[in-house]
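> How does the following fold in three dimensions:
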Amino acid sequence: MTIDSVPGSSGYLDAEDRKISYFSNGYVLGLTVVAGIGGLLFGYDTGVIWGALLYIKDEFPAVNDSTFLQETIVSMALAGAMIGAAAGGWINDAYGRKKATLFADVVFTLGLVTMAAAPDPYVLILGRLLVGLGVGVASVTAPVYIAEASPSEIRGGLVSTNVLMIAGGQILSYLVNLAFTEVRFCCFGISCSSSVCDVLSATNIKHDLNCSYCKY
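Residues are numbered from 1 along each chain as shown. From the prediction side, this is the model:
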């Protein structure tokens, strides 16, 4: 898809028209995908718990006997996401988009490992909180990072990729629940591989954007 550019957009003051394609800049497209993995993890985590909870109740009798524990396990990620989203703006301003993305991925991975190895429901709740913190920061960072790196002619389309990834993550979580939840917390372990891939990909991004207190 090619879009005719309006002179003056994207900071260009020349009168010559230019055409911008979604696939003309591989670096920006790759950055969009890497940043969008945060949205994928957000959607996956919000959807996967509904299927996993059935087997969590089998694993921990205390959860099966307490609706309060069930509600806490489900909602703790959303509570963490609220805190992460509130702090995400400051983290982005202070340390830049790249480091904020790496921070979100590391916290998310720690939460997943904690949940997968949880010996009791309270450690599982802690893992859910860490996962929520990670996806909260990622939900703030990803659209801002994509918007700042994108040419204005295709900025809307690229930013919407983050929302597409969120929906895709939710669909993926339902498929994983259907296929793998009989294996102990395998549904949590699968998303760990995505966050690790995001860490490795983000470390290869050479540029950061709009870091107020560091050189970029």
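> can we go C-alpha only for contacts and neighbour counts from here?
Noted.
> Helix or strand: which one has the residue positioned nearest the centre of the chain?
Nearest to the mean C-alpha position of the chain, by CA atoms, centre = their mean, lies Gly38 at 1.7 Å. Per DSSP states H and E: Gly38 is located in helix 26-59.
> Now do that helix: distance to the chain's middle.
Offset of helix 26-59 from its chain centre (CA atoms, centre = their mean, to the nearest Å): 7 Å.
> which parts of that helix are buried?
28-29, 31-49, 51-53, 55-57, 59 (16 or more other CA atoms under 10 Å).
> For the residue nearest to the centre of the chain, which non-adjacent residue is spatially closest?
Closest residue in space to Gly38, ignoring its immediate chain neighbours: Ala138 at 5.3 Å, by CA to CA, 6 or more residues apart in numbering.
> From Gly47, how far off is the one you found?
Separation of Ala138 from Gly47 (CA to CA, to the nearest Å) stands at 17 Å.
> do the same with Ser150
Distance of Ser150 to Gly47, given as CA to CA: 29 Å.
> and what of Tyr55?
Separation of Tyr55 from Gly47 (CA to CA) stands at 15 Å.
> rewinding a little: quick one: contacts for the residue nearest to Gly38?
38-39, 85, 88, 100-101, 104-105 (CA atoms under 8 Å, 6 or more residues apart in numbering).
> mind redoing it with 10 Å?
Shown in contact with Ala138 (CA atoms under 10 Å, 6 or more residues apart in numbering): 35-39, 41-42, 81, 84-85, 88, 97, 100-105, 108, 132, 144.
> Please identify the buried residues of the helix or strand containing it?
Using DSSP H and E, Ala138 maps to helix 121-149. Buried residues in helix 121-149, defined by neighbour count with 16+ other CA under 10 Å: 121, 123-147, 149.
> Nearest residue to Phe103 in space, please, no chain neighbours.
Nearest to Phe103 is Gly134, by CA to CA, 6+ apart, at 7.5 Å.
> Could you check how far that neighbour is from Val74?
Distance of Gly134 to Val74, computed by CA to CA: 16 Å.
> related to what we said a few turns ago, return the distance of the residue nearest to Gly38 relative to Ala81.
Separation of Ala138 from Ala81 (CA to CA): 9 Å.
> anything in contact with each of these two?
What both Ala138 and Ala81 touch, as defined by CA under 10 Å, 6+ apart, is the set 42, 88, 132.
> Nearest to Leu178, out of these: which one, please.
Nearest to Leu178, judged by CA to CA, of these is Phe42 at 18.9 Å.
> Make sure Ser75 is actually in contact with Leu126.
No - using CA atoms under 10 Å, Ser75 is not in contact with Leu126; the gap is 11.6 Å.
> Give the residues shared as contacts by those two.
With CA under 10 Å, 6+ apart as the test, Ser75 and Leu126 both reach Gly132.
> got the contact list for Thr101?
Applying CA under 10 Å, 6+ apart to Thr101 gives the contacts 34-35, 37-38, 88, 91-92, 134-135, 137-142, 145, 198-199, 202-203.
> So, low pLDDT: which residues of the chain?
Along the chain, the parts satisfying pLDDT under 70 run over 1-23, 180-216.
> residues making contact with stretch 117-125?
By CA under 10 Å, 6+ apart, stretch 117-125 touches 56-57, 59-63, 69-70, 72-77, 111-116, 126-131, 184-185, 189.
> cutoff 8 Å now
60, 62-63, 69, 72-73, 76, 114-115.
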